[in-house]
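In: A predicted structure for the sequence below; I have some questions about it.
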Amino acid sequence: MQIREPDEGDFAGLAALILRIYDEIPFATTFSARPSTEELESIMRKKLDGMRGRTVADLIAIDNGQVIADCEIAKTTDAGGMIGIIVDKAHRGKGLGRRLVERCADKARLFKMLEVYAEVDDRNEGAARFFSRCGFREQEGEESLVLIRHL
Ligand SMILES: CC(C)(COP(=O)(O)OP(=O)(O)OC[C@H]1O[C@@H](n2cnc3c(N)ncnc32)[C@H](O)[C@@H]1OP(=O)(O)O)[C@@H](O)C(=O)NCCC(=O)NCCS
């Protein structure tokens, strides 16, 4: 398995991964409806632009030529970023999510981010547990479940 930054050649693989996760657990994503190809392309262009501008830290995992995971930390405030992570069902529970969070956090630190937030849907208890195991702590006073980790 390889962990590296995505490039334009990964668009199709990343789009397919996002759609597999959407079809499995729609509320684990930020989409209110199944995203179109155009929407996915625009998200990926934004990701690559952010990586070039050092406002987005992103890593994907490749196994047998297939994109099986993606972790992004996108700068949302002066010193903070929002994390999004997806790991293909068949590859969960083996420490890949944690490895990606740690590697992405290292990059985010280089991009001058001091803390990272995770916004988790109430129904997504597994993700809340995952972030808590990765050192995130629940933030008080938020309407939705927001977890924070200092970098
Ligand atoms: C959440 C997700 C990224 C976890 O990835 P993963 O590769 O399975 O996680 P890891 O194997 O690295 O697990 C790290 C730790 O979290 C725990 N954990 C992971 N998923 C868990 C779950 N569903 N329930 C309880 N604990 C969980 C593991 O037990 C492990 O704990 P440890 O400290 O005892 O070792 C993955 O389940 C996923 O992609 N889910 C769908 C998308 C999603 O919900 N993303 C988050 C959106 S906010």
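Out: It's in.
In: Would you check how far apart the closest residue to D49 other than its chain neighbours and Q139 are?
Out: With sequence-adjacent residues excluded and distances taken as C-beta to C-beta, 6 or more residues apart in numbering, D49 is closest to V56, at 7.9 Å. Heads up, the C-betas are built off the backbone N, CA and C, glycines and all. Look at V56 and Q139: by C-beta to C-beta, to the nearest Å, they are 22 Å apart.
In: Which of those two has more residues huddled nearby?
Out: Higher neighbour count among V56 and Q139: V56, with 21 against 14, using other C-beta atoms under 10 Å.
In: burial count for I83?
Out: By other C-beta under 10 Å, 23 other residues sit near I83.
In: residues in the chain within reach of the ligand, list them.
Out: 21, 25, 28, 85-87, 92-98, 118, 120, 124, 126-127, 129-130, 133 (C-beta under 6 Å from any ligand atom).
In: go again using 5 Å as the cut-off
Out: Contact residues, the chain versus the ligand (C-beta under 5 Å from any ligand atom): 28, 85-87, 92-93, 95-98, 120, 126-127, 129-130, 133.
In: which ones among those are found in helices?
Out: Of the residues of the chain next to the ligand, the ones assigned to helices by DSSP state H are L96, G97, R98, G126, A127, R129, F130, R133.
In: Would you show me how to pick out the buried ones of these in PyMOL?
Out: In PyMOL syntax, the buried subset of these is picked out as below (16 or more other C-beta atoms under 10 Å):
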select buried, resi 96+97+127+130
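In: Output the ones in helices among the residues of the chain next to the ligand in JSON lines; the columns should cover distance to A74 and pLDDT.
Out: Converted to JSON lines, those look like this (distance: C-beta to C-beta, whole Å; pLDDT from 0 to 100):
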{"residue": "L96", "distance to A74": "20", "pLDDT": "98"}
{"residue": "G97", "distance to A74": "17", "pLDDT": "98"}
{"residue": "R98", "distance to A74": "20", "pLDDT": "98"}
{"residue": "G126", "distance to A74": "22", "pLDDT": "96"}
{"residue": "A127", "distance to A74": "17", "pLDDT": "97"}
{"residue": "R129", "distance to A74": "23", "pLDDT": "97"}
{"residue": "F130", "distance to A74": "19", "pLDDT": "98"}
{"residue": "R133", "distance to A74": "22", "pLDDT": "98"}
